[in-house]
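**Q** need a 3D model of the sequence below.
(chains A and B, ligands or ions: 6)
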2 protein chains.
Amino acid sequence: MKKILVIGGVAAGLKAAAKARRCDSQASITVLERGKIISYGACGMPYYVGGDVNDIDDLMKTPVGVLRSPGYFKNAKDITVLTQTEAMAIDRDSKVVTVKNLATGEDDTLPYDKLVIATGASAIKPSLPGVELGNIYSLWHPDDAKAIRQGIEAGKFNRAIIIGAGLVGMEMAEALTKQQLQVTVVEMKDQVFPAFLDPEIAGVVSKYAAEKGINLLAAEKVEAFIGETEVTAVKTDKRTIPADLVVLAIGARPNVELARAAGLTIGTTGAISVDDEMRTSDPDIYAGGDCVENINIMSGQKVFAPMGSTANKHGRVIGENLCGGHVKFKGVLNTVIAKVHSLTVGKTGLSERDAKQLGYDYITVMVAGPDKPHYMGAKSITIKLIADANTRKVLGMQAVGEGEVAKRVDVAAAVLTMGGTIDDLFDIDLSYAPPYNSPIDNLAVAANAVMNKLAGKFNGISPITAKEKMQTGKAVFLDVRTPDECKQIRLADCPNIKYIPLGQLRSRLAELNKADEIVAFCKISLRGYEAEGFLEGAGFENVKVLEGGIVSWPFACEKEE
Amino acid sequence: MKKILVIGGVAAGLKAAAKARRCDSQASITVLERGKIISYGACGMPYYVGGDVNDIDDLMKTPVGVLRSPGYFKNAKDITVLTQTEAMAIDRDSKVVTVKNLATGEDDTLPYDKLVIATGASAIKPSLPGVELGNIYSLWHPDDAKAIRQGIEAGKFNRAIIIGAGLVGMEMAEALTKQQLQVTVVEMKDQVFPAFLDPEIAGVVSKYAAEKGINLLAAEKVEAFIGETEVTAVKTDKRTIPADLVVLAIGARPNVELARAAGLTIGTTGAISVDDEMRTSDPDIYAGGDCVENINIMSGQKVFAPMGSTANKHGRVIGENLCGGHVKFKGVLNTVIAKVHSLTVGKTGLSERDAKQLGYDYITVMVAGPDKPHYMGAKSITIKLIADANTRKVLGMQAVGEGEVAKRVDVAAAVLTMGGTIDDLFDIDLSYAPPYNSPIDNLAVAANAVMNKLAGKFNGISPITAKEKMQTGKAVFLDVRTPDECKQIRLADCPNIKYIPLGQLRSRLAELNKADEIVAFCKISLRGYEAEGFLEGAGFENVKVLEGGIVSWPFACEKEE
Ligand SMILES: Cc1cc2nc3c(=O)[nH]c(=O)nc-3n(C[C@H](O)[C@H](O)[C@H](O)COP(=O)(O)OP(=O)(O)OC[C@H]3O[C@@H](n4cnc5c(N)ncnc54)[C@H](O)[C@@H]3O)c2cc1C
Ligand SMILES: Cc1cc2nc3c(=O)[nH]c(=O)nc-3n(C[C@H](O)[C@H](O)[C@H](O)COP(=O)(O)OP(=O)(O)OC[C@H]3O[C@@H](n4cnc5c(N)ncnc54)[C@H](O)[C@@H]3O)c2cc1C
Ligand SMILES: CC(C)(COP(=O)(O)OP(=O)(O)OC[C@H]1O[C@@H](n2cnc3c(N)ncnc32)[C@H](O)[C@@H]1OP(=O)(O)O)[C@@H](O)C(=O)NCCC(=O)NCCS
Ligand SMILES: CC(C)(COP(=O)(O)OP(=O)(O)OC[C@H]1O[C@@H](n2cnc3c(N)ncnc32)[C@H](O)[C@@H]1OP(=O)(O)O)[C@@H](O)C(=O)NCCC(=O)NCCS
Ligand SMILES: [Ca+2]
Ligand SMILES: [Ca+2]
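**A** Ligands and ions are numbered 1, 2, ... in the order given. Model (predicted):
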């Protein structure tokens, strides 16, 4: 009887165990977990803190409401789970793991034929003065989530500071504003989601977040936490901000001490190195989840990309390979998605920053548009595509908006996985009916816009470039929307702007100067693009289009009061 | 100056014209439309009839509310649109089109350098007695939609009969039930959506439709319409049903008379034959939209697949090629999607029926599951995959449920377009966060289930096969859900059923007989699959799993009162 031992009892570990059981009904399978609880959906914690989920145990239940306790794993899957049991050392020669029972303090050794390391990652705690004060939390374990929610319910917290504007930070910003706290997010880098978004898409998110009352302080560094026993303020390099709750969300580090001590290869990312069958440098030891590094299939580079989706896939691959399988894990696209109130932001593949760093000759586009016909109550989404200018291969995609973003991210991820081009993106026969889509999907429009740029027919510029031009006061900004639209909302701080609706452009051409640099735009810049074509046809030679239009303008607008 | 003439002023025609204008700012572009209105979103009509859209003009407006009238096309796009102008004949030698002004009755000829035929399709009207009676409509033109809605608002209609359970029929079934009419759908074939769904998925739709009060009469043929001046009843081969409104929704036929008379090649489907650049057999004449045939990229066969999405794509391709481009249209996947109240049903690629007809050695699976974590308010979706058993290539996908079906259909369409396998489907790094998805997406689960079947680990059977086994009374149906779940809902009419929760299966094994054929299942048959593995490990040799579980059971269930 084969002995399978798994270290770590959450996503990767339990998935590997569960899959191994399905592949081998006879093996002895034991999972070690140093914590008191297992199999929890950490990803759901922001929704518990924010009040969407009322019972933290829901994050540990099956869809039909059964708690995934050690008893459940025993009865339903014949898997032994030992909680409060820490793996202390791996002896690879004699194939035993030394464990400590944290309740009794007793040590023991457990033999294995095949071992799985699924020790996960830990939240990074900055070594700053005052970091040990009360009411400073990471949101990493359900115990953290419970403590924060209890504090909220007890009325202890009014002013929260979140350190870090990444996934956990921004999800917590939603959660805490929903709970009526005053929320400030302090981010060292100069934008939200610095790890994966390009600045113009990040700008759309932060503008929206500000509207939802989230106070974002970017390019600002925390220097200390102030307070006697409990935190009362956070000191940054720019100011001191009062706070009664601090959430640390500055990332995670893989738990690799055990693996390192056992002499297993650790990769350059700092996570455990595995081959494409999820095997470590010891053929009898597999590793998966947040403690290992992945390959990004677009760049070919090793990355530390700790995700619950990846951890589960790793687990399944490991489970099968533990039982003699040879399933391969292909890699990741560093796909992410996050909800900030009713805004969704997502990304897959390379960002523009990545493409530049990797030396690609790339082209980008940003297009906005309704996510279905306007008469069906459409919401806007903005898509940024990054493509190889030579091979036309799609390199990456980012999307943001209150509309259906997730669908487009997932279709893009499929195309990236298959190595597709912008032409493939247009070719896909996507489903169309008015409740779900427009006849030509936003992704296809984005692909068309890239084609138009490559063909020299669409001279788009990003809002960041446009803002620079705006500030010089030289370029003429040409707003081709209807007077009604212009009354409602306009670009702010634009010294040189001209309003001519597209339908009047032909008759009012004399109002424009062929020698001027013109930046045409509209709500989404579809009409801006049409204006470009018309002006160029009429002999204008320096016409550009503001990509994404007003909808995706990350800077200030004037609105009708 | 190049003269471009377009016949047909809705999707394909106007799209071709609009794109041609963007590719050539100098060309003269004229569009002929025999009707009074142009550029309408026919697809939105069911939502106007049902009351989601209040002004029919919304279907003819741009997203910012501008009516797409001939004046709009003139001013914004410099395109001349002649309404009430019918193209009567094409003289290919002299390159002129004879037109009739339907308002004045005058004839004229218009010369062209390049011609586009975008004459669309027409609703099929059965030649049955009484078909000319009042209050019998096709839903084809906005005038039809207006007439039906006016009748509803005037309180004229109480009992509607829809002939045909395809896309238009079922969308109208939703619309008319929303308007509080009694709705009966009469369908000649033995299921809903006979043109694209396999029966077990169709069964899920019709069960749901019945719950929404839609009375479906399948395998029933209309023989006559009864009434004096207005319809009062419909006579079928089984009964006579009173009705004060009849909607004919039995499909469409391409409008090819003009093309045929001009000697252009008509394909075997009855639609105009075009090459991959959308050119007819005359190199100066392009055709697109509902009047042409398409190639199905999975089967390689020519198909008549009249869709608004395809018509718009055709138009864009034609517009570019009219101006010297050589853009290719790759083909279609016969992707469809439809909403029936809060249920979504979609399909892309080949159905099982198609795969069988084409001689594939195929494998199918049907899996149900929540569309995101249960604690985020998940809804169920059921996915059916059809894959090549040898190459593992995905051939087709169908999905149904109240959850997020469209996203999965579109991801599947992307994979099909790229020629992907079930392994690719698992490899895609889909976006995961609790508001949007489960860590392992339903599509990946479906792919895994196919892999499990191919590996002999998942002995799934379709509900239709299961129903046959149930009726013999020989197979033991093993429901492994919890007692609470079983109290709420159970399979009806099952003579030989046994209830043992999965967690008790190990201890209650003696209650089952190794010689019996056992059909295990649960709510979605995830636990059914785990039961199979366990029973087989314990020496049972004839265990099957009911694919899709209770959630996808298209037959009757008993419910807690
Ligand atoms: C707030 C939050 C939100 C998130 N949102 C998302 C999201 O939206 N999408 C997404 O994809 N991912 C998300 N994640 C990430 C996701 O939760 C992780 O990727 C996933 O939990 C990793 O699973 P794992 O099994 O590899 O590691 P972990 O979940 O970290 O589990 C490892 C376990 O191993 C145990 N362990 C470690 N060392 C030992 C030892 N020596 N002996 C015994 N036990 C040991 C630990 O106690 C721990 O319980 C989120 C994470 C957080 C914290
Ligand atoms: C109720 C309904 C719901 C639908 N739902 C969907 C859906 O959800 N998804 C989807 O993809 N598709 C849907 N469709 C189909 C979609 O509307 C059509 O595919 C699309 O309109 C086809 O566009 P077309 O330009 O090719 O043809 P048409 O829209 O048929 O336009 C052709 C035009 O040509 C004109 N014409 C014909 N002959 C001549 C002539 N000799 N001279 C001058 N003019 C002429 C006609 O008057 C007509 O206006 C739906 C259709 C209907 C009716
Ligand atoms: C749940 C957990 C224990 C894994 O257990 P599991 O048994 O593999 O998971 P599931 O209950 O989802 O079952 C999945 C199996 O059922 C199959 N399945 C799912 N739905 C099915 C259906 N409708 N019909 C047939 N089979 C189905 C799947 O294919 C899979 O089998 P396979 O791997 O052999 O192909 C582990 O993932 C875990 O503890 N997760 C919680 C923590 C977590 O994931 N955190 C990170 C995200 S917040
Ligand atoms: C609307 C219609 C006139 C086509 O006109 P159109 O100008 O091609 O369509 P749009 O207004 O959507 O503009 C599309 C163009 O803008 C571009 N575009 C769209 N959004 C953009 C953005 N945010 N930034 C830059 N360009 C953008 C597109 O790429 C496309 O240009 P291209 O074809 O040169 O690449 C025609 O499709 C029609 O009449 N439709 C109504 C009927 C119908 O479709 N019925 C069937 C479905 S119900
Ligand atoms: Ca240009
Ligand atoms: Ca089996």
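**Q** burial of the residue of the stretch 401-550 of chain A found nearest chain B, as a residue count?
**A** Among the residues of the stretch 401-550 of chain A, A:Gly537 lies nearest to chain B; the distance is 2.6 Å by Cβ to the nearest Cβ. Heads up, the C-betas are built off the backbone N, CA and C, glycines and all. The tally of other residues near A:Gly537 (other Cβ atoms under 10 Å in any protein chain shown) stands at 14.
**Q** list the contacts of it.
**A** If you count contacts by Cβ atoms under 8 Å, 6 or more residues apart in numbering or on different chains, A:Gly537 has them with B:25-26.
**Q** now with 10 Å, please.
**A** Contacts for A:Gly537 (Cβ atoms under 10 Å, 6 or more residues apart in numbering or on different chains) come out as B:21-22, B:24-26, B:78.
**Q** what does A:Asn135 give?
**A** By Cβ under 10 Å, 6+ apart, A:Asn135 lies in contact with A:147-148, A:151, A:156-157, A:160, A:225, A:227, A:229-232, A:243-247.
**Q** pull the CA atoms of stretch A:188-203 into PDB?
**A** Presented in PDB, the C-alpha positions along stretch A:188-203 are these (Å, rounded to 0.1, in the frame of the first residue of the first chain):
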ATOM      1  CA  MET A 188       4.400  52.900  -2.600                       C
ATOM      2  CA  LYS A 189       4.200  52.600  -6.400                       C
ATOM      3  CA  ASP A 190       2.500  55.400  -8.400                       C
ATOM      4  CA  GLN A 191      -0.600  53.500  -9.300                       C
ATOM      5  CA  VAL A 192      -3.100  50.900  -8.200                       C
ATOM      6  CA  PHE A 193      -2.500  47.200  -9.100                       C
ATOM      7  CA  PRO A 194       1.200  48.100  -9.900                       C
ATOM      8  CA  ALA A 195       2.100  44.400 -10.400                       C
ATOM      9  CA  PHE A 196      -0.100  43.900 -13.400                       C
ATOM     10  CA  LEU A 197      -1.900  46.900 -14.800                       C
ATOM     11  CA  ASP A 198      -0.500  49.500 -17.200                       C
ATOM     12  CA  PRO A 199      -1.000  53.100 -15.800                       C
ATOM     13  CA  GLU A 200      -3.800  54.200 -18.100                       C
ATOM     14  CA  ILE A 201      -6.000  51.200 -17.000                       C
ATOM     15  CA  ALA A 202      -4.900  51.700 -13.400                       C
ATOM     16  CA  GLY A 203      -6.000  55.300 -13.800                       C
END
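**Q** buried residues in it?
**A** Within stretch A:188-203, the residues scored as buried using 16 or more other Cβ atoms under 10 Å in any protein chain shown are A:188-189, A:191-194, A:196-203.
**Q** with stretch A:387-405 instead?
**A** Using 16+ other Cβ under 10 Å as the test for burial, stretch A:387-405 gives A:387-388, A:392-401, A:403-405.
**Q** mind checking if it is in reach of chain B?
**A** Yes: interface with chain B: stretch A:387-405 contributes A:399, A:404-405 (Cβ under 10 Å from any Cβ of the partner chain).
**Q** would you list those residues in JSON lines and tack on distance to ligand 4?
**A** JSON lines is the format used below for the residues of stretch A:387-405 next to chain B (distance: Cβ to the nearest ligand atom, whole Å):
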{"residue": "A:Ala399", "distance to ligand 4": "13"}
{"residue": "A:Glu404", "distance to ligand 4": "16"}
{"residue": "A:Val405", "distance to ligand 4": "15"}
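**Q** nearest to B:Ala123, of those?
**A** Nearest to B:Ala123 out of the residues of stretch A:387-405 next to chain B is A:Glu404 (Cβ to Cβ; 30.7 Å).
**Q** can you read off the pLDDT for that closest one?
**A** Per-residue confidence (pLDDT) for A:Glu404: 98.
**Q** ok, A:Met1 next?
**A** Here, the pLDDT recorded for A:Met1 equals 88.
**Q** verify the stated contact: it with A:Pro111.
**A** No: A:Met1 sits out of contact with A:Pro111 when judged by Cβ atoms under 10 Å, with a separation of 11.7 Å.
**Q** what's the overlap in contacts for these two?
**A** Common neighbours of A:Met1 and A:Pro111, using Cβ under 10 Å, 6+ apart, are A:Ser28.
**Q** more crowded one of the two?
**A** Legend: neighbour count by other Cβ under 10 Å for A:Met1 and A:Pro111, higher for A:Pro111 (13 against 8).
**Q** name the nearest residue to that one, ignoring sequence neighbours.
**A** Closest residue to A:Pro111 apart from its sequence neighbours, by Cβ to Cβ, 6 or more residues apart in numbering or on different chains: A:Val96 at 5.0 Å.
**Q** contacting residues for A:Glu200?
**A** The contact partners of A:Glu200, taken as Cβ under 10 Å, 6+ apart, are A:191, A:352, A:364, A:366, A:382, A:384, A:398, A:400, A:462-467, A:547-548, A:552-554.
**Q** returning to that earlier point: now the residue of the stretch 401-550 of chain A closest to chain B: how far from A:Gly151?
**A** 64 Å (Cβ to Cβ, to the nearest Å).
**Q** equivalent analysis for A:Val292, please.
**A** In terms of Cβ to Cβ, A:Val292 sits 34 Å off from A:Gly151.
**Q** pick out whichever of these two has more residues nearby.
**A** Set side by side, A:Val292 and A:Gly151 show more neighbours around A:Val292, with 33 against 17, by other Cβ under 10 Å.
**Q** may I have the beta-bridge partners of the more buried one?
**A** Beta-bridge pairing of A:Val292 under DSSP bridges involves A:Ile272.
**Q** relative to A:Thr472, how far out is the residue of the stretch 51-200 of chain A found nearest ligand 3?
**A** Going by Cβ to the nearest ligand atom, ligand 3 is nearest to A:Arg68 of the stretch 51-200 of chain A, at 6.0 Å. From A:Arg68 over to A:Thr472 the distance is 60 Å, taken as Cβ to Cβ.
**Q** more neighbours: which of these two?
**A** Using other Cβ under 10 Å as the criterion, A:Arg68 and A:Thr472 rank with A:Arg68 on top: 22 against 10.
**Q** please name the residues that touch the more buried one.
**A** Contacts of A:Arg68 by Cβ under 10 Å, 6+ apart are A:9, A:14, A:37-41, A:57, A:59-62, A:76-77, A:81.
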